[in-house]
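In: Mind folding the following:
(one chain, ligands or ions: 2)
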Amino acid sequence: GALTPVEPVLAGRHVIVTAGPTHEPIDPVRYIANRSSGRQGFAIAGALAALGARVTLIAGPVSLPTPAGVDRVDVETALDMAAAVEPALPADAAVMVAAVADWRVAPAPQKVKKTGDTPAFVLIENPDILATLSHSPQRPSLVVGFAAETEQVLNHARAKLTRKQCDWIVANDVSGDVMGGEANAVHIVTADGVDSWPRTGKDEVARGLARRIADALMGAA
Ligand code: CTP
Ligand code: CA
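Out: Ligands and ions are numbered 1, 2, ... in the order given. Predicted structure coming up:
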C-alpha cells in the first residue's frame, strides 16, 4: 500500500543508468536521433534511488525533471554518453536504457543548404556503450541492457544478450504505442530463461526492475 515504508535495501550501492535518445548533429541546426522520451529510464533511476542506491543518471536530450535523489549528467551525442560512463565507474550495476543513435555523421560546420541535389551522408557507427562496459575491467557485477523491438522480440533479445555479454536484456515490443507512452510490456531475458511481465505503467515496470536488481545484488553480496 501507499503507506508501506520502503526499506533502503540498495544503501551503499552505486548504479549507473543511461536514458533518453542521443542527438547526432548533421549541421548546426539538424540532428539524427532515435525516438525516446526517456521516461522509462528516468523512472528506473528514481525507483533505484527510492531503494537507497546512489544513482548516476546519464541522460540524453529529454524534457524531464530529475528524479529525487538522483545525480544527473546531461549529454548530447553517443560519444558524449560513452565518455560519461567511464568517470562514473565503479558501479555495482548498470542499466542501459538509452536509445543510442547507431550512427553519426561528420557534422557540417555551417547549415547545409538545399541545392536540388540529393545530399549523401556517410554514416559512421557509434561505439556500443553497453558492450564496451560489459567487456570493461571495471565491469559492474550486474549489467542490464534494453532492447526495443518491433518483431521477433525474444529472438532479438537473446541474440543481444549473447552479443553484448550482459546479464539481462529487458525486451519491449514497440510495435504498438510504447514510444513516448505511459505503459510498457517487458520480458526479462537472462541466461536462465524469460520472465514476461504483464503490460503495465512505466513506473511499475521501474519499481519491479529496481526490486529485481536489489535481489540480484543482495544475492551476489
Ligand atoms: N546500446 C548502447 N550503445 C549503442 C547501442 C545500443 O549502449 N551504441 C545499448 C542500449 O542502451 C540498449 C542495448 O544496447 O541497452 C540494445 O540497444 P539496441 O539499439 O536494441 O541494440 P543494437 O545493438 O543497436 O541493435 P539494433 O540493430 O537492433 O539497433
Ligand atoms: Ca540500435
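In: switch to C-alpha atoms for all contacts and neighbour counts from now on
Out: Fine.
In: Tell me the pLDDT of D173.
Out: Note for D173: predicted pLDDT of 86.
In: Quick one: residues contacting the closest residue to it other than its chain neighbours.
Out: Counting by CA to CA, 6 or more residues apart in numbering, D173 lies nearest to E149, which is 5.2 Å off, once chain neighbours are set aside. Contact partners of E149, counting by CA atoms under 8 Å, 6 or more residues apart in numbering, are 156, 171-175.
In: Residues of the chain that sit close to ligand 1?
Out: 96-100, 102, 126-130, 145-148 (CA under 6 Å from any ligand atom).
In: Under the pLDDT cut-off, which ranges of the protein? List them.
Out: The model of the chain has pLDDT under 70 over residues 1-3, 176-180, 220-221.
In: longest helix of it?
Out: helix 202-220 (DSSP state H).
In: What are the buried residues along that one?
Out: For helix 202-220, a neighbour-count test (16 or more other CA atoms under 10 Å) marks 202-207, 209-211, 213-214, 217 as buried.
In: repeat for stretch 7-15
Out: By neighbour count on 16+ other CA under 10 Å, the buried set for stretch 7-15 is 9-10, 13-15.
In: Would you map the helices across this protein?
Out: Along the chain, the segments classed as helices by DSSP H run 39-50, 78-88, 129-134, 153-164, 202-220.
In: which helices and strands sit right next to the third one?
Out: In terms of contacts (3 or more CA pairs under 8 Å, 6 or more residues apart in numbering; DSSP states H and E), helix 129-134 is packed against helix 153-164.
In: Show the contacting residues for the residue lying closest to R207 once chain neighbours are set aside.
Out: Closest residue in space to R207, ignoring its immediate chain neighbours: A47 at 5.4 Å, by CA to CA, 6+ apart. By CA under 8 Å, 6+ apart, A47 lies in contact with 203, 206-207, 210.
In: ok, 7 Å please
Out: Counting by CA atoms under 7 Å, 6 or more residues apart in numbering, A47 touches 206-207, 210.
In: Nearest to ligand 1, out of these: which one, please.
Out: The closest of the contacts of A47 to ligand 1 turns out to be A206 (CA to the nearest ligand atom; 14.8 Å).
In: Would you mind confirming that that closest one is in contact with A43?
Out: Yes: in this structure, A206 is within contact of A43 by CA atoms under 7 Å, at 5.6 Å.
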